[in-house]
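# after the sequence you'll find the predicted model.
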Amino acid sequence: MRTEEGAGASSRRGLSGVFASFGLSYLLGLLLLAALVYHAGVWNVLANTRLLDPLVEVGVIRYHDGNLGVVDGVEDQKHYLRSQDPIDYRLVLLAALIYFAYWGVKGLKYHGVARFVGLKGSAGRHARARLYGDGLGIFFPFRFGEAATAAALEAEGEEPERVRQTFVITDFLTIVFQIILFLLFGLLVTNYAIWFAQTFWALVICAVSYFVLRGSGLLPWGPAGFWRTQSQTYRSLANQPGTLGKLGFVSALLMLLDDLTPFVIAMAFTGDHVIMNVPFFVIQSGVVAGYIARRFPITPHGIGQWEWAFAAALYASGIGFPEAATIALLDSALRHGTCFIVFLIVTLRHGVATTYHQVMGRYLDRAASEQPPAAPAAEAGATGVA
C-alpha cells in the first residue's frame with residue numbers, strides 16, 4: 001500500500017513538474033515574441049501587417065476626433081498610410097498552398113523513413129501519425145510532437161525501438177540536407193562576413209537552449225551520444241545509397257518549400273509604402289537560421305526562437321529590423337495556421353489510434369529516461385520513399 005501511494009505521489013510530482021515546465025515555456029515564448037515586436041516597434045509591426053487599419057475601424061485605436069478608441073491617436077501619420085497599402089491575397093493564398101504542400105511532402109518523407117526502418121503500414125498511416133505529432137507540437141514544447149507520433153504508431157502495433165529510429169534518421173536528414181546543405185549554399189551566394197553574421201545569433205540561441213535543457217531528460221542524448229548515433233545513421237543509410245538519395249532529395253525539397261513561403265508572403269504584403277521585397281537568398285538565410293535556433297525547442301514548436309533567429313539573419317543582411325521581424329511573424333502565423341488545419345483534418349476526418357492522455361504518458365516515460373536508440377537498420381526489401 002505504501003509503495004503504491006509512493007508511486008502515485010511520485011507520478012503526481014512528475015506530472016506537476018512537467019506542467020510547471022510547460023508554463024515557463026509558454027511564458028518564455030510570449031516574452032520572446034513580445035520582445036521581438038517591441039524591438040521592431042509596435043507601430044511598425046501594426047502598420048506592416050495592416051492590423052492597424054482594423055484596430056482603428058473597430059474602435060481600439062482612435063485615429064482622429066471622429067473615431068472612438070481606447071488608444072488615443074496613432075504615433076505617426078506614416079504608420080496609418082502604410083496600413084492602407086493593399087494586401088495581395090492571391091499571393092497569400094499561394095503561400096498557404098505551398099505550406100499545405102510542405103506538410104504533405106513532410107508526411108511523404110516520414111513514410112520513406114518509416115519504410116526504411118521496417119515499420120508496417122501505408123503512407124497514409126505514417127503521414128497521419130507524423131502530422132498529428134506536428135499539430136500537437138504547436139501547443140507543447142520539448143519535442144512533445146515526437147511523443148505524439150510515437151504514441152500513434154505504437155498504438156497500431158509498431159515496435160517502439162523502430163519508431164524511435166525514425167526520429168534519429170529524420171534528425172540526420174534535417175541536419176545534413178536542410179541545414180548544412182543550405183548553409184553551404186548560402187556561403188556560395190554571399191560573402192563570408194555576412195554569412196557568418198546571418199548565422200551567429202541562431203547559433204547563440206541554439207547553444208543557450210541546449211544548456212537550458214541539458215540534464216533535464218528532455219534532450220534526445222548528449223553531444224557524444226548524438227554524434228555517435230548520427231555516424232551510425234549515416235553508415236546505415238550509406239548501405240542503401242538509392243534510399244539515401246531519395247530521402248535527401250525530399251528533405252531538400254522540403255527546405256525549398258520552406259524558403260518559398262516567407263518570400264511569397266513578403267511579396268503579398270509589399271505595397272507603395274510598405275517595402276518588404278527581400279531577395280530570395282536573404283529569405284533562405286533566415287529560414288536556415290530559424291532551423292538552427294529551434295534545434296532544441298524550449299518553447300512550443302520553438303516559437304520565439306525561430307522568429308528571433310529569422311529576423312536577426314535578415315537584419316544582418318541589411319534589411320530593416322521592423323521589416324525583418326514582420327516577415328518572420330507573418331511566416332510563423334501562416335506556418336502554424338496551416339499546420340493546425342492539417343492537424344484538424346487528420347484528427348477529425350481520419351483519426352489516429354491514440355489519445356492525448358496516452359501521448360502524455362508516453363512523453364513522461366521518455367522524459368524520465370532517454371538513451372540513444374540502437375543504430376538504425378533497414379529491413380530487407382525496404383525501398384525508402386514510396
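Here it is on my side, so go on.

# drop to CA atoms for contacts and neighbour counts, all remaining ones
OK.

# look up how far Val168 lies from Thr233.
7 Å (C-alpha to C-alpha, to the nearest Å).

# ugh, wrong one, I meant Gly318
In terms of C-alpha to C-alpha, Gly318 sits 37 Å off from Val168.

# hmm, Phe142 is touching Thr299, no?
Yes. Using C-alpha atoms under 8 Å, Phe142 is in contact with Thr299, at 7.1 Å.

# spit out the contact partners of Gly351.
Not one residue lies near Gly351 by C-alpha atoms under 8 Å, 6 or more residues apart in numbering.

# sorry, back to before: quick one: which of Gly318 and Val168 has more around it?
Using other C-alpha atoms under 10 Å, the more surrounded residue of Gly318 and Val168 is Val168, with 23 against 12.

# surely that one and Ser231 touch.
No. Using C-alpha under 8 Å, Val168 is not in contact with Ser231; the gap is 10.7 Å.

# okay but Glu267 is in contact with Asn277, surely?
Glu isn't right for residue 267; it's Met. Yes. Under the criterion of C-alpha under 8 Å, Met267 makes contact with Asn277 at 5.6 Å.

# what about Phe142 and Thr299, which has more around it?
Neighbours per residue (other C-alpha under 10 Å) separate Phe142 from Thr299, with Thr299 holding more: 30 against 25.

# and the more buried one, what is it in contact with?
25-26, 28-29, 140-142, 305.

# what about burial for these, which qualify?
25-26, 28-29, 140-142, 305 (16 or more other C-alpha atoms under 10 Å).

# just send these back as TSV, with secondary structure and distance to Tyr291 too.
Formatted as TSV, these follow (DSSP: H, G, I helix; E, B strand; the rest coil; distance: C-alpha to C-alpha, whole Å):
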residue	secondary structure	distance to Tyr291
Ser25	helix	19
Tyr26	helix	20
Leu28	helix	18
Gly29	helix	16
Phe140	coil	18
Pro141	coil	15
Phe142	coil	15
Gln305	helix	9
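
# of those, which one scores lowest on pLDDT?
Ranked by pLDDT, the buried ones among the contacts of Thr299 bottom out at Phe142, which has 76.

# any idea how far that residue lies from Phe296?
Relative to Phe296, and taking C-alpha to C-alpha, Phe142 is found at 7 Å.

# kindly report the same for Ala316.
From Ala316 over to Phe296 (counting by C-alpha to C-alpha), the distance is 23 Å.

# looking at the two, which is more packed in?
Phe296 (27 against 23).

# quick one: contacts for the closest residue to Phe280 other than its chain neighbours?
Closest residue to Phe280 apart from its sequence neighbours, by C-alpha to C-alpha, 6 or more residues apart in numbering: Phe263 at 6.2 Å. If you count contacts by C-alpha under 8 Å, 6+ apart, Phe263 has them with 277-280, 283.

# beyond the host helix or strand of Phe263, next helix or strand please.
Counting by DSSP states H and E, the element that carries Phe263 is helix 241-268. Going down the chain from helix 241-268, the next helix or strand is helix 280-293, by DSSP H and E.

# tell me the buried residues in that following helix?
282-293.

# which one of those sits closest to Val212?
Ala293 (13.2 Å; C-alpha to C-alpha).

# where exactly do the strands run in this protein?
For the chain, the strands defined by DSSP state E occupy 61-62, 71-72.

# spatially central, which residue of the protein would that be?
His301 (5.0 Å; C-alpha atoms, centre = their mean).

# so it makes contact with Leu136?
No. Using C-alpha under 8 Å, His301 makes no contact with Leu136, being 9.1 Å away.

# phi and psi next, for Leu51.
phi -70, psi -20 (degrees, to the nearest 10).

# CSV for the buried residues of helix 280-293, including pLDDT and distance to Asp76?
CSV is the format used below for the buried residues of helix 280-293 (pLDDT from 0 to 100; distance: C-alpha to C-alpha, whole Å):
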residue, pLDDT, distance to Asp76
Val282, 95, 29
Ile283, 95, 29
Gln284, 95, 33
Ser285, 95, 32
Gly286, 95, 29
Val287, 96, 32
Val288, 96, 35
Ala289, 96, 33
Gly290, 95, 32
Tyr291, 95, 36
Ile292, 95, 37
Ala293, 94, 34
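
# and the gap between Ala127 and Leu51?
35 Å.

# Tyr234 now?
Taking C-alpha to C-alpha, one finds Tyr234 at 47 Å from Leu51.

# and if you look at Leu237?
Relative to Leu51, and taking C-alpha to C-alpha, Leu237 is found at 48 Å.

# the more surrounded of these two?
Leu237 (21 against 14).

# mind checking pLDDT for that one?
At Leu237, pLDDT is 76.

# and Tyr110, by the same measure?
93.

# what's the answer for Glu307, then?
So, for Glu307, pLDDT stands at 96.

# kindly export stretch 255-263 (C-alpha atoms) in CSV.
Extracted in CSV, the C-alpha atoms of stretch 255-263 (Å, rounded to 0.1, in the frame of the first residue of the first chain):
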residue,chain,number,x,y,z
MET,A,255,13.6,23.2,-47.3
LEU,A,256,13.0,24.8,-50.7
LEU,A,257,9.2,24.9,-50.0
ASP,A,258,10.0,26.4,-46.6
ASP,A,259,12.1,29.1,-48.3
LEU,A,260,9.4,30.0,-50.8
THR,A,261,6.6,30.7,-48.3
PRO,A,262,8.2,33.6,-46.4
PHE,A,263,9.4,35.0,-49.8
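
# centre of the chain to it, how far?
13 Å (C-alpha atoms, centre = their mean, to the nearest Å).

# what's the answer for stretch 100-108, then?
14 Å.

# can you show me the CA trace of stretch 120-127 as CSV?
Output of stretch 120-127 as CSV, limited to C-alpha atoms (Å, rounded to 0.1, in the frame of the first residue of the first chain):
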residue,chain,number,x,y,z
LYS,A,120,4.4,-1.6,-41.3
GLY,A,121,1.5,0.3,-42.7
SER,A,122,0.6,2.6,-45.5
ALA,A,123,1.9,6.1,-46.5
GLY,A,124,-1.4,7.5,-45.1
ARG,A,125,-0.9,5.9,-41.7
HIS,A,126,2.6,7.1,-41.3
ALA,A,127,1.8,10.6,-42.6
